[in-house]
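Would you be able to build a 3D model of this:
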Amino acid sequence: MVSKMFKSKNYKYMILLLNSVFLLVFSHSLLASDLAKEKRWADQIVDSIMVGEAVWLEDGKNKFLGLFTEATTPKTKGGLIVVHGIGVHPNWPDVILPIRTELPDHGWATLSIQMPILGNDKTSKDYIPLLKEVNSRFDAAVQFLKQKNIQNIVIAAHSMGTTMANQYLTTKPDSAVRAYIAISMPNDPKSKELNNVKKLGEITEIPVLDIYGSQDLDSVLRFSKKRLKAGLKTNPKYKQIMIKGADHFYQSKTEQLAKIIRLWLLKNAPGKEINNPAANKQEAAPSNN
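From the prediction side, this is the model:
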C-alpha cells in the first residue's frame, strides 16, 4: 500500500516536472523577435523608401533590415547607427526618419537598423528576453559601416532603443563606437535589465548625450535627475539636454533635435573625415545647361 502511494506520488511529480520543462522550453522559443512582423515592416519600407537604400545585415542567425544613407557632403565625418523604440521600424516617422535623413546633409552617413520586436500589445518587460539578441545586430551594423571605410561610429537611440543600446555598450562594444546619443531614455529601477540609470553609470569610456523633452513620458522625466547624477559621476563627457515643449516623439521639435545632435557631434565625435566618392562624383558631373 505504501509502495503504491510512493509510486503514485513519484509519477505525479514526474508529470509535473516534465510539464514544467516543456513550458519553460516552449516559452523560451517564443521569447525572440517576431520575424514575421519584421518581414511585414520590411516589405512596406522597401517599397516606399524615398531617401537612402535598403540593405540586409546578418546577425549570425537571421537577416534583418537596415536603411543606409550616404553623406551628401564631399567629406564623410562618420557613421550614425540609428536605433528605434518599442515595436516599430527603422523608417519610423517620429524621431527616426528625421535623424536618418537630415544628418547626411551635415556629413554623417546613417544606418538605421531594425531591432528585435514583438506584438503591439507587449510592454518593455516583455522585451527583456530579446535583449540577448541586440549585441549581434549592433555588431553587424558596425561591421557594415567599417566596410564602407567608416571608423568613426556613433549610436543614436530612442526610447526602448536606448535600453538596447545600453545593453550593447555595457557589454562588449566595438572600439569604433566613439559616442552615444540617448533620446528619451526610460527607466525601471525594479528590473536589472531595464535599470538604465545604473547602466548609464557604467558607460564611462565614450561621450554621452542624454536628451529628453519637458513633456516626455513619466518613466523618462521622473528619472532625469538620477540619470544626470549617474552620468556626471562616472563620465566627464556626459551631457544632458532638455528640449522645452518636446514630448516623447518630438513632434514639431525634430528640427531642434537634429540641430542639437549635429552640434554635439562636431565637438564630441570629430573623427577623421574621409572622402565621399558619391558626392565628389556628383559635383564633378557636367551640367546640361
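
middle-most residue in this protein, spatially?
The centre of the chain sits closest to residue 83, judged by Cα atoms, centre = their mean, with a distance of 3.0 Å.

where do the helices sit along the protein?
Taking DSSP state H, the helices of the chain run over residues 2-30, 35-48, 96-102, 134-147, 160-169, 196-200, 218-221, 224-234, 254-268, 277-284.

Nearest to residue 124, out of those?
helix 160-169 (6.0 Å; Cβ to Cβ). (Glycine included, C-beta is placed from N, CA and C.)

circling back to that earlier point, if I look at the residue nearest to the centre of the chain, what pLDDT would I see?
Note on residue 83: pLDDT of 98.

tell me the contacts of it?
Contacts for residue 83 (Cβ atoms under 8 Å, 6 or more residues apart in numbering) come out as 112-113, 115, 155-158, 161-162, 164-165.

Pipe those residues into TSV and attach neighbour count per row.
Shown next, in TSV, are these (neighbours: other Cβ atoms under 10 Å):
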residue	neighbour count
112	28
113	25
115	27
155	27
156	28
157	27
158	28
161	26
162	28
164	26
165	28
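
Let me have those residues in JSON lines, extended by pLDDT and distance to residue 176.
Formatted as JSON lines, the contacts of residue 83 follow (pLDDT from 0 to 100; distance: Cβ to Cβ, whole Å):
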{"residue": "112", "pLDDT": "98", "distance to residue 176": "18"}
{"residue": "113", "pLDDT": "98", "distance to residue 176": "15"}
{"residue": "115", "pLDDT": "97", "distance to residue 176": "19"}
{"residue": "155", "pLDDT": "98", "distance to residue 176": "11"}
{"residue": "156", "pLDDT": "98", "distance to residue 176": "15"}
{"residue": "157", "pLDDT": "98", "distance to residue 176": "17"}
{"residue": "158", "pLDDT": "98", "distance to residue 176": "21"}
{"residue": "161", "pLDDT": "98", "distance to residue 176": "19"}
{"residue": "162", "pLDDT": "98", "distance to residue 176": "20"}
{"residue": "164", "pLDDT": "98", "distance to residue 176": "18"}
{"residue": "165", "pLDDT": "98", "distance to residue 176": "15"}
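
Brilliant, that's me finished.
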